[in-house]
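Participant: Test case, fold it:
(one chain, ligands or ions: 1)
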Amino acid sequence: MGYLICSKCKSYHELQSGESPRDLRDHCPCGGKLRYVENLDIVDPRWMQIIIPPKRTKGEVLREKIEVFSLENLKTRLNDFWNKCRYRLQSTQNWDNHTYYDTGMNPLNAIKNELNLGNIRWTLVIPVIMAITLILTFVPGILTLLTFVLLVALGYTFNNQIIGAKNALIAGAISFLLGSLFSGSFLLLIPYTLLGVINGAVCGWIGGYLRNIRSQRRI
Ligand SMILES: [Zn+2]
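Facilitator: Numbering: from 1, shown residues only. Presented below is the predicted three-dimensional model:
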């Protein structure tokens, strides 16, 4: 007669008279592949005896396939899909409702932060703008270098390099615009503002970079 054994879940099926391994399923209910053996000599007596059901007939296979596409199944699938859509919609709404400040170095959050002005720390940015404007208006010359220091410092106060650069960029743009306005160089208004943008971005980026290096060293 012989046996069908599954070494995965350590169980065996004793073939009945007239039962051929070909009539039975190839796989054990655990998913393991069944193997035919003449006797159980090689098998540990503690193995479990199980019943392997006969192979599915074509009719049964067809019925199973039809069940997959049945109306009930379709309904559940649609329901799942709808729930997922609703969930996504809700999470997008949540994004808009929140104002994100420093969110660490998660690049996804950083990109999302780019889309709003909520992460501009005006309490820091405005004093920097005022300081740079004053420097540009009243003390041109070597002290202009101080503006770079201020912008780097501004970038340094942020945990997130991108947000820091963005804050410094805005501070640079506004302060250079105001500086050129007050110092009367109207012709240079646009190039000066652009210079402020570039200065702010670069200095803010450097500031964030310096902070990253320091925080990494601390770890
Ligand atoms: Zn098994």
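Participant: Report the secondary structure state of Phe158.
Facilitator: Following DSSP: H, G, I helix; E, B strand; the rest coil, Phe158 is assigned to coil.
Participant: residues touching it, list them.
Facilitator: 102, 121, 164, 167, 204, 207-208, 211 (CB atoms under 8 Å, 6 or more residues apart in numbering). Bear in mind the C-beta positions are built from the backbone N, C-alpha and C, glycine included.
Participant: Quick one, which of those residues has the minimum pLDDT?
Facilitator: When the contacts of Phe158 are compared on pLDDT, Asp102 comes out lowest, with 48.
Participant: tell me which strands and helices the helix or strand hosting Ala171 is in contact with?
Facilitator: For Ala171, the enclosing helix or strand under DSSP states H and E is helix 161-182. With contacts taken as 3 or more CB pairs under 8 Å, 6 or more residues apart in numbering; DSSP states H and E, helix 161-182 sits against helix 107-114, helix 122-138, helix 144-156, helix 189-218.
Participant: Dump the ones you listed to a markdown table, plus distance to Ser70.
Facilitator: Converted to a markdown table, those look like this (distance: least, CB to CB, whole Å):
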| stretch | distance to Ser70 |
| --- | --- |
| helix 107-114 | 39 |
| helix 122-138 | 59 |
| helix 144-156 | 60 |
| helix 189-218 | 56 |
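Participant: Return the most buried member of these.
Facilitator: Counting by mean count of other CB atoms under 10 Å, helix 144-156 has the highest mean neighbour count of those, with a mean of 20.
Participant: re earlier: out of the contacts of Phe158, which comes closest to Gly32?
Facilitator: Among the contacts of Phe158, Asp102 lies closest to Gly32 (CB to CB), at 52.0 Å.
Participant: OK, contacts around Ile120?
Facilitator: By CB under 8 Å, 6+ apart, the contact set of Ile120 is 166-167, 170.
Participant: tell me, which of those make contact with the ion?
Facilitator: The subset of those lying close to the ion, counting by CB under 5 Å from the ion, is empty.
Participant: from those residues, which is closest to Pro54?
Facilitator: Lys166 (68.6 Å).
Participant: so what's the closest one scoring on pLDDT?
Facilitator: In this prediction, Lys166 has a pLDDT value of 85.
Participant: repeat for Lys10
Facilitator: 90.
Participant: ditto for Asn160
Facilitator: At Asn160, the pLDDT recorded in the model is 81.
Participant: what do you get for Ile190?
Facilitator: So, for Ile190, pLDDT stands at 84.
Participant: now do the one 5 residues further on
Facilitator: Confidence at Leu195, expressed as pLDDT, is 85.
Participant: Name the nearest residue to it, ignoring sequence neighbours.
Facilitator: Leaving aside its chain neighbours, Leu195 sits nearest to Phe176 (5.9 Å; criterion: CB to CB, 6 or more residues apart in numbering).
Participant: what does Cys9 give?
Facilitator: In space, Cys9 is closest to Cys30, 4.0 Å off (CB to CB, 6+ apart).
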